[in-house]
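A.B. asks: no sequence on hand, only this structure:
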């Protein structure tokens, strides 16, 4: 027999090695649980465990010899039993491995096809030997404990075998199943050993499960304590050995009929610690794999009025928290409504509520157990089940259980849980956008119906006899319900908008609005109810950024219904704001102190609805006590800078994210007010005060970022907005406002940057960070360079150029390649057609050069013709094929003929010229005749009379002039005939079209696809059509020579007629620019020159400027290879010229000192900029202007006192407004002693030295 060989192997093992566990000797107390470690000898633990497992299985297999008769094997049987007793009486780890191994042995015997009866008999025989050994040692333990005084009792008073007999009893199923054996042999030593402290076990063993459901209080208490100390979940082996049989036995006992109330109570109380330690997978596969499903049995026991109801509800709560899907799968046809009805109508449920007392801690009370399951119960429900369950709970908790018969504490907690349940249901939709789109509107309508039934109770909740903090908590929950209710309807509308926009239809039904809820909220708004005001404002916040659908010519019912609901909700939100606008300022001040409510009010300033916008303006006027809109905004920014700026940022971001047109014009309008309030030259907030802390700095940076984000959206979406049916005239003005706002905003770059740098000098990368936002906008912005509107295109050129130059100065190369490629296509390569003038394209090229830091070769430069050679020049010209076709311009009618002839060197020269002209005119007449013959219904043009070739003899000057006069008269007649023909052949149009003035290129934006009767003008210049036309013209020119020009009158008439057909009536006022303005558009960046000049010391002398030598100057050549060579040559000369003028002004000495007071100081780019007001000088007597060089000093005599701190400054702006004079200067940001004490409020002296304008004009 094979197991006999196994016994031989076991006998051969070294002395002391444990047969059933990994321990190597009796002095080894290791647990061998971490398989990644090594023992003291360096042997991996996993190898030791593997060897121990082989030994254990060999020994357990050898135990089969005990099933045989003693004859012949008695010695082996005695050896096996002896080694078994010896192992289990000295090692606790062997006990665990032995009893888990018995399970393995039985399964092994079943696999080897032994008879069930034989296996059962064999197992029973082994159990008898185990019981015999255990009871013998328990008896010894009892005797030893009885003899020990109680105060000395401990684990050390027992010998090893006696102590381990107690642990073996806890592991032996045969002992645990026998109540008589436990009472006779186990209970007494078990109780005595715990006289001073509880007995602790570290592993899962069968007793800890079976004792959970035991009627013996000592055993039950010990089991609960043991489960509470477990820190890990049981393994699968431990569940099968230590937990499964105990649970199965308890479930079978509790399911017997008739129900035994104590057994049921013990079952569900004992089930809780087990469930808390099991993970989700073990609950699904092991727990539900039992013969009796505990999920189903728990619901069956809900209707039993047992004191164990509190434990049952706690168990169900754990089921729902850990495995909600398994719970509802086990319920099958049982509905949530049925479970709630069984619970709330159980008489024991009411008994627990009626027994609630004030003195009992709520956390340990039955009242808590009656209510704590509701939250996970609602969370586990899906789809339409949650609103219906919420309705039942609301009726019970906010209705029936608020009867005065219930104690005050019970009513308070029921009301609290009812509000929490209602809020939980609402938040499932408001906090999760996908849930709103995945359910039908019937489900949402049912949820709103629940609120409608209880809205008056929610707005005016009952008062309970509880602490003030608890009553306030009820109030806050009610306001949260109001806020989420209003928000749910607004968010549902937002979801509908997005779905319709994407799919043009709705699959989940249309939105509705609950008038009773809105009316109740508006009715109860009061100056004494601040929380309700805040909740109402936050509830309507999701409406920001929405707009109506245009339904011209459509029969889309979803869009029509959406527009109707949208109008209702906008009207209701307007009523809320109007109502709040009438409240006292102290009430409104508190709303602006909160970030959330402040954002809600500020967002109304961006509303497309005029009434809502007006109400919001009235509200902030009332809150700030200001009568003007801009003054009110300024007051908000000064009093609550961070909250206001964050609210503005949120609004800009929300509108840009929604990508809707309706709020965009208002966004530009309000945005201009905001930026002007922050950056105004006289009283701008960023100029008159410093940012207080890091939060204000972050808020300002976010505002800058989201302002540009909003502009990016506008640049990207304008054409799409017009395609949706927005009015053309509105789009025209909107586009102009957009460009102006973008230009104005970028002009304030230095103000934003200076405010941040002053508040946080540690931000070394602030300049680059502030340029990231406008740089990101460029990809969308540059596409508008193809606009047909001259004003927009010109303004945009200036903005793009400023941005590129600024990036070049900062050496920031973050512009996206697509933006740069587009600009190059417009200005460099000429591949993108625009209406830009050569001057504007040159400005773009110069900006690109400033950005790239290298010259840019344009298409015109690259296509320059090569110089003609002398050989080609000397060739005789071919009269039959001239190199170019002569035009009318080459024979200007204003040229004096007598002078022309007198300049001729011979009469033959004049003959040749007359002949060439006659030939040219003949060819032109033939071509016109051919063209007229191909056009239908057009009268033929009169054939021009070809003058005869002049005779070879000398022609007098008089006869020549007469011929010229005759030709001119003939030409005029031909022109008149052609003009009359064209007028007759062209179809007449309406009076409005014939009188249309010049329109904008944006007038027909987005008409494509909307109006099929009249072709619409695109907002952009069409590159494709123009390219085709250009290529055809070039082909004709190559084949037939250049086309002759049409008569001037004909060309002018055709052009005006074409424009009148394409344009609609609109008044366009052309902007008049002065010579200075035209030059400023191409003014170079003189920052380096100004820095050099302002770094001088006024009292320095010498022939050359400081920091320069004679080697810095070079001769001026006629040509320069690169712009850099040009600059390096002339810049030192300009500085030298400025230095000589500077010294000449000092020599004259006609200085007039004046006193100024500093109003603001700001870091702008690479400058320090400060605004001043002159003291003691009338504005009309102040003669300085932009470009003047000024010396500032702390001495009343600036030009005489060289020891006083002083600095040079340049006037960069002079502003005369309302009888006041404000002069802005720029100085170098150096460590100058003068600057350290030069700030707002200080007074100092200055003197004008000279003007830098002559030097600047040379650049």
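C.D. replies: Received it, and whenever you're ready, just let me know what you need. Predicted model, so just to flag it, every value in this text is computed and none were measured. Residues are numbered from 1 along each chain as shown.

A.B. asks: any idea where the strands of this structure begin and end?
C.D. replies: Taking DSSP state E, the strands of the chain run over residues 1154-1164, 1167-1175, 1188-1193, 1206-1217, 1220-1227, 1243-1251.

A.B. asks: just name the most buried of these.
C.D. replies: strand 1188-1193 (a mean of 22; mean count of other CB atoms under 10 Å). C-beta coordinates here come from the backbone N, C-alpha and C atoms, glycine included.

A.B. asks: that older thread, figure out which of the strands of the chain is closest to residue 380.
C.D. replies: Proximity to residue 380 (CB to CB) singles out strand 1154-1164 among those, at 59.4 Å.

A.B. asks: what lines up beside that closest one in the sheet?
C.D. replies: Counting by DSSP bridges, the strands paired with strand 1154-1164 are strand 1167-1175 (antiparallel), strand 1243-1251 (antiparallel).

A.B. asks: go through the ones you listed and find the least confident stretch.
C.D. replies: Mean pLDDT values for those show the minimum at strand 1167-1175, a mean of 87.

A.B. asks: can you count the residues close to residue 202?
C.D. replies: Neighbour count for residue 202, taken as other CB atoms under 10 Å: 11.

A.B. asks: about what we covered before: redo the strands of the chain as JSON lines? Include distance to residue 422.
C.D. replies: Converted to JSON lines, these look like this (distance: least, CB to CB, whole Å):
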{"stretch": "strand 1154-1164", "distance to residue 422": "53"}
{"stretch": "strand 1167-1175", "distance to residue 422": "58"}
{"stretch": "strand 1188-1193", "distance to residue 422": "69"}
{"stretch": "strand 1206-1217", "distance to residue 422": "59"}
{"stretch": "strand 1220-1227", "distance to residue 422": "60"}
{"stretch": "strand 1243-1251", "distance to residue 422": "66"}
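
A.B. asks: hmm, who's touching stretch 36-52?
C.D. replies: With contact meaning CB atoms under 8 Å, 6 or more residues apart in numbering, stretch 36-52 is reached by 18, 20-22, 24, 30, 32, 34-35, 97.

A.B. asks: buried subset of those, written for ChimeraX?
C.D. replies: If you want just the buried ones from the contacts of stretch 36-52 in ChimeraX, going by 16 or more other CB atoms under 10 Å, the selection is:
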select :18,20,21,22,24,30,32,97
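
A.B. asks: okay if I get the contacts of stretch 36-52 as a markdown table plus distance to residue 309 and pLDDT?
C.D. replies: Below are the contacts of stretch 36-52 laid out as a markdown table (distance: CB to CB, whole Å; pLDDT from 0 to 100):
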| residue | distance to residue 309 | pLDDT |
| --- | --- | --- |
| 18 | 50 | 93 |
| 20 | 46 | 92 |
| 21 | 45 | 93 |
| 22 | 48 | 92 |
| 24 | 54 | 89 |
| 30 | 48 | 88 |
| 32 | 46 | 88 |
| 34 | 45 | 84 |
| 35 | 46 | 85 |
| 97 | 42 | 93 |
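
A.B. asks: I'd guessed residue 470 sits against residue 463; true?
C.D. replies: No - counting by CB atoms under 8 Å, residue 470 sits too far from residue 463 to count as a contact (10.9 Å).

A.B. asks: ok, these two, which is more surrounded?
C.D. replies: residue 470 (14 against 9).

A.B. asks: now that one: how far from residue 732?
C.D. replies: 61 Å (CB to CB, to the nearest Å).

A.B. asks: can you point out the buried residues in stretch 305-317?
C.D. replies: Those would be 306, 308-317, for stretch 305-317 by 16+ other CB under 10 Å.

A.B. asks: just give me the closest of those residues to residue 399.
C.D. replies: residue 313 (21.0 Å).

A.B. asks: hang on, residue 728 packs against residue 734?
C.D. replies: No - between residue 728 and residue 734 there is no contact under CB under 8 Å: 10.4 Å.

A.B. asks: let's have the strands paired with strand 1154-1164 in TSV, adding distance to residue 630.
C.D. replies: Below are the strands paired with strand 1154-1164 laid out as TSV (distance: least, CB to CB, whole Å):
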stretch	distance to residue 630
strand 1167-1175	20
strand 1243-1251	30
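
A.B. asks: quick one: which of those strands is nearest residue 66?
C.D. replies: Nearest to residue 66, of those and by CB to CB, is strand 1167-1175 at 100.9 Å.

A.B. asks: please state the offset of that closest one from the chain centre?
C.D. replies: 40 Å (CA atoms, centre = their mean, to the nearest Å).

A.B. asks: that strand to strand 1220-1227, inter-axis angle?
C.D. replies: 150 degrees (axes from the mean of the first three to the mean of the last three CA atoms, to 10 degrees).

A.B. asks: so what's the closest residue to residue 190 other than its chain neighbours scoring on pLDDT?
C.D. replies: Of all residues not flanking residue 190 in the chain, residue 166 sits nearest, at 6.4 Å (CB to CB, 6 or more residues apart in numbering). Note on residue 166: pLDDT of 95.

A.B. asks: make 633 the first number, not 1, from now on.
C.D. replies: Sure thing, new numbering starts at 633, so read that last one as residue 798.

A.B. asks: didn't residue 798 look like it was pressed against residue 826?
C.D. replies: No - counting by CB under 8 Å, residue 798 stays clear of residue 826, with 10.1 Å between them.

A.B. asks: rounded mean pLDDT for the lengthiest helix in the chain, please.
C.D. replies: Ranked by number of residues, the top helix in the chain under DSSP state H is helix 1100-1135. Mean per-residue pLDDT for helix 1100-1135: 92.

A.B. asks: elements contacting it?
C.D. replies: Packing partners of helix 1100-1135 (3 or more CB pairs under 8 Å, 6 or more residues apart in numbering; DSSP states H and E): helix 1040-1062, helix 1065-1070, helix 1073-1091, helix 1147-1156, helix 1162-1171, helix 1189-1213.

A.B. asks: on that earlier part again, check contacts around the residue nearest to residue 822.
C.D. replies: Here residue 798 is in contact with 770, 773, 818, 821-822, 825, 831 (CB under 8 Å, 6+ apart).

A.B. asks: which of those residues sit farthest apart?
C.D. replies: 770 and 831 (14.0 Å).

A.B. asks: between the two, which one's more packed in?
C.D. replies: residue 770 (23 against 14).

A.B. asks: quick check, the more buried one in contact with residue 815.
C.D. replies: No - using CB under 8 Å, residue 770 is not in contact with residue 815; the gap is 11.9 Å.

A.B. asks: what's the overlap in contacts for these two?
C.D. replies: Counting by CB under 8 Å, 6+ apart, nothing touches both residue 770 and residue 815.
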